[in-house]
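J.: Here's my sequence, what's the structure:
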Amino acid sequence: MFHRINKIIFIEGMKCEGCVNRVRNVLSSIPEVKRCIVSLEEKKAELILTKDISDSIIKEKIQSLGFQVIS
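T.: Below you'll find the model as predicted:
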């Protein structure tokens with residue numbers, strides 16, 4: 001059993017489903033991420049985590065793809 005932690009991250013710069021897939025793949029590679037749903041229309045990623053992680057880890061992963069995290 002794990003504690004379910006939800007995070008919503010708003011992302012600027014995604015233009016197509018290819019962008020969505022890149023963000024989903026990079027966020028899903030984080031071991032603590034159990035589920036990742038990325039929405040192009042809503043410009044956000046919804047994460048379900050098995051344990052809390054620093055927002056800076058998530059932000060760095062997204063920025064490494066050339067997208068910006070909106071605070």
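J.: Within the helices and strands, which one has Leu27?
T.: Secondary structure here is read from DSSP states H and E; on that basis Leu27 sits in helix 17-28.
J.: Name the strands paired with the next helix or strand after that helix and say parallel or antiparallel.
T.: Following the chain from helix 17-28 toward its C-terminal end, the next helix or strand by DSSP H and E is strand 33-39. The strands beside strand 33-39 in its sheet (DSSP bridges) come out as strand 44-49 (antiparallel).
J.: How far does the partner strand sit from its chain's centre?
T.: In terms of CA atoms, centre = their mean, to the nearest Å, the centre of strand 44-49 is found 5 Å from the chain centre.
J.: right, and the helix or strand after that strand?
T.: In N-to-C order, the element after strand 44-49 by DSSP H and E is helix 55-63.
J.: What lies in contact with that following helix?
T.: Contacts made with helix 55-63 from outside it, assessed by CB atoms under 8 Å, 6 or more residues apart in numbering, are listed as 7, 9, 11, 23, 26-27, 29-30, 45, 47, 68-69. (Each C-beta comes from the backbone N, C-alpha and C, glycine too.)
J.: Now the two most distant members of those residues.
T.: Greatest spacing in the contacts of helix 55-63, by CB to CB: Ser29 and Gln68 (19.5 Å).
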